[in-house]
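In: What would the 3D arrangement of this be:
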Amino acid sequence: MTIALATALQESKLVNVEYGDRDSVGLFQQRPSQGWGSTGQILDPRYAAGKFFDALVKVPDWERKQLTVAAQAVQQSAHPTAYQQWEDQATVLARAFTGAEPALVSCAFPEPTVAAAPTKVMELLALELPHRALAASSQVGELRPTAAWATVGWLVAKADRLGIEAVAHGGRRWTRTDGWRVDSGAPADRIRFEVAKIPPSA
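Out: I've put the predicted structure just below:
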């Protein structure tokens, strides 16, 4: 994960760009002409990351190589040492989004103008992280995930786009206005999230 994030930080600053050197596109600046897939496929972050990992695990002893050496073995860049500068930042991001350290992912944003139903949020989550849906109302969802803090990170990272107002788990609660706070009522065995109530259009 750290190698992939460092690579994407160097290649695109984690922006899923539709342009690049020659026919390169996407997070990793992968080229359709080099067998990475079609332009449309490469612009799907899940597909692009999967192709990167498929190539990385074929590099002999990739786990023991210096980060930039492993990344370069996949990327074949004209700047083979450029990936190393991103190692510290990529390490922090990897620990946050894999849930290795709890409550590291946070954001703040204005009052949402759209909000997905909790059932829709859980449907989208299932595309990336396994979980068991426990309950859902018009504004509140509860689920039991396989990877708790990784799932919390996903919900917080998608909060602006999905209109999520709050996420609670493991004695902590995040809100879009206050960030993370201690909350003794936040359950340890499940995740509870709340979506915004959007008033009907006039």
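
In: can you give me the helices for the chain?
Out: Per DSSP state H, the chain carries helices over the ranges 2-12, 39-42, 45-56, 67-75, 87-97, 118-125, 148-157, 159-162.

In: Can you add mean pLDDT and distance to residue 179 and give the ones you listed back as a markdown table?
Out: (Each C-beta comes from the backbone N, C-alpha and C, glycine too.) Shown next, in a markdown table, are the helices of the chain (pLDDT from 0 to 100; distance: least, Cβ to Cβ, whole Å):
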| stretch | mean pLDDT | distance to residue 179 |
| --- | --- | --- |
| helix 2-12 | 98 | 22 |
| helix 39-42 | 98 | 34 |
| helix 45-56 | 97 | 26 |
| helix 67-75 | 97 | 30 |
| helix 87-97 | 96 | 14 |
| helix 118-125 | 97 | 20 |
| helix 148-157 | 97 | 9 |
| helix 159-162 | 96 | 11 |
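
In: Let me have these in TSV, extended by mean neighbour count and distance to residue 186.
Out: As requested, the helices of the chain are exported to TSV (neighbours: other Cβ atoms under 10 Å; distance: least, Cβ to Cβ, whole Å):
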stretch	mean neighbour count	distance to residue 186
helix 2-12	23	28
helix 39-42	16	39
helix 45-56	16	29
helix 67-75	22	35
helix 87-97	17	18
helix 118-125	18	17
helix 148-157	22	10
helix 159-162	18	16
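
In: Can you check which of those helices gets nearest to residue 173?
Out: Residue 173 sits nearest to helix 148-157 of all the helices of the chain, at 10.4 Å, using Cβ to Cβ.

In: Contacts for the closest one next, please.
Out: With contact meaning Cβ atoms under 8 Å, 6 or more residues apart in numbering, helix 148-157 is reached by 96-107, 121, 125, 128-129, 131, 143, 145, 164, 167, 169-170, 174, 191, 193.

In: Same question for stretch 192-199.
Out: When contacts are defined by Cβ under 8 Å, 6+ apart, stretch 192-199 is touched by residues 111-118, 121, 139-142, 155, 162-169, 186.

In: Quick check: PyMOL command selecting the buried ones in the residues you listed.
Out: Those of the contacts of stretch 192-199 that count as buried under 16 or more other Cβ atoms under 10 Å are selected in PyMOL with:
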select buried, resi 112+115+116+117+118+121+139+141+142+155+162+163+164+165+166+167+168+169+186
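
In: Report the separation between residue 161 and residue 176.
Out: Here the distance between residue 161 and residue 176 works out to 12 Å (Cβ to Cβ, to the nearest Å).

In: same thing with residue 22?
Out: Counting by Cβ to Cβ, the gap from residue 22 to residue 176 is 41 Å.

In: got it, and residue 67?
Out: 34 Å.

In: Looking at residue 22 and residue 176, which is more packed in?
Out: Counted by other Cβ atoms under 10 Å, residue 22 and residue 176 do not tie: residue 176 has more neighbours, with 21 against 9.
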